[in-house]
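Colleague: Below are the sequence and a predicted model; questions follow.
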Amino acid sequence: MVVPLLNEADGLPRLLQKLGACRVEELVLVDGGSCDGTPKMLQESGHRWLSSKPGRAIQMNAGARVCKSDIILFLHADTEISSDSLEFLRDLAINQEIVGGRFDVRLSGGHVALRMIEWFINLRSRLSKISTGDQAIFVRREVFESMGGFADLPLMEDIEFSRRLKRQGSVACLRQKVCTSSRRWERYGIARTVLLMWRLRLLYWLGVSPAKLAVMYRDAR
């Protein structure tokens, strides 16, 4: 499992506690230059970690290079996965036709609109075989290496990777759920966030560069 981090000191203790309870067989934490005390906390945690240049794609590639597991799972710092889901993934590993996949996602908040959003995200992903990082993307290590890992993009690296992954073979859309934080939806407004994500996704499909989209994303927050 590879977890990219950037200024996650507030949530890091809970993250490490949750992952410890899951009995993760291999865990690589990758810090992208945090300035909030995260590196010190990682040093004291006893977990395997490394530093890299900032950028989620860069950090995930750095973590994947040192992984030995047959299947690499990429987990965002604000996403939680259960031990049952990890066990299901271990069982899935014996099916050599599966090159990778993702989990269904659940948003942590209680607003009814979030239930509709997560339902739409999961359905869209199941139909298109395109996944977002919040869905805990996983991939066979040899497939990941043959693909050259994640493209060095400031945004949409997960979408770009998913598009290439589904050309490699069968992609699993697991109904077991990971729970990701709904803080961005609640902080900036649910309707506003939905419209922003739709706009960014549409512009990406129309060919707008991820660098420009990243600027738009930062300016809108």
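Modeller: That came in fine, so what should we check first? Residues are numbered from 1 along each chain as shown.

Colleague: From residue 16, how far out is the residue in the chain sticking out farthest from the centre?
Modeller: Distance to the chain centre peaks in the chain at residue 44, reaching 24.7 Å (criterion: CA atoms, centre = their mean). Note on residue 44: its distance to residue 16, by CB to CB, to the nearest Å, is 11 Å. Where C-beta positions appear, they are placed from N, C-alpha and C, glycine not excepted.

Colleague: tell me, what residue is most central in this protein?
Modeller: residue 133 (2.8 Å).

Colleague: how many neighbours does the closest residue to it other than its chain neighbours have?
Modeller: Setting aside the residues directly before and after it, residue 133 is nearest to residue 158 in space (CB to CB, 6 or more residues apart in numbering), at 4.2 Å. Residues lying near residue 158 (other CB atoms under 10 Å) number 23.

Colleague: need the contact list for residue 158.
Modeller: 131, 132, 133, 137, 150 (CB atoms under 8 Å, 6 or more residues apart in numbering).

Colleague: Just list the residues touching the closest residue to the last one other than its chain neighbours, thanks.
Modeller: Put plainly, it is residue 150. Among residues not flanking residue 150 along the chain, residue 57 sits closest, at 3.9 Å (CB to CB, 6+ apart). Counting by CB under 8 Å, 6+ apart, residue 57 touches 149, 150, 151, 152, 153, 157.

Colleague: quick one: residue 91 and residue 166, what's the gap?
Modeller: Relative to residue 166, residue 91 is positioned 22 Å away (CB to CB).

Colleague: Pick out whichever of those two has more residues nearby.
Modeller: A count of neighbours by other CB under 10 Å puts residue 166 above the other of residue 91 and residue 166, at 17 against 8.

Colleague: Go ahead and confirm the more buried one touches residue 129.
Modeller: Yes - using CB atoms under 8 Å, residue 166 is in contact with residue 129, at 4.3 Å.

Colleague: Against residue 1, how distant is the nearest residue to residue 124 once chain neighbours are set aside?
Modeller: Spatial nearest neighbour of residue 124, chain neighbours left out: residue 130 (7.6 Å); criterion: CB to CB, 6+ apart. According to CB to CB, residue 130 and residue 1 sit 22 Å apart.

Colleague: about what we covered before: which strands and helices sit next to the strand or helix carrying the residue farthest from the centre of the chain?
Modeller: Secondary structure assignment for residue 44, by DSSP states H and E: helix 38-45. If contacts are counted by 3 or more CB pairs under 8 Å, 6 or more residues apart in numbering; DSSP states H and E, helix 38-45 sits against helix 12-21, strand 28-31, strand 49-51.

Colleague: can you pull the buried residues of that helix?
Modeller: Buried residues in helix 38-45, counted by 16 or more other CB atoms under 10 Å: 38, 39, 41, 42.

Colleague: Would you format those residues as a markdown table with distance to residue 87 included?
Modeller: Below are these laid out as a markdown table (distance: CB to CB, whole Å):
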| residue | distance to residue 87 |
| --- | --- |
| 38 | 29 |
| 39 | 31 |
| 41 | 28 |
| 42 | 26 |
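
Colleague: which one of those residues sits closest to residue 52?
Modeller: residue 39 (11.7 Å; CB to CB).

Colleague: show me the contacts for that closest one.
Modeller: Contact analysis of residue 39 by CB under 8 Å, 6+ apart lists 31, 51.
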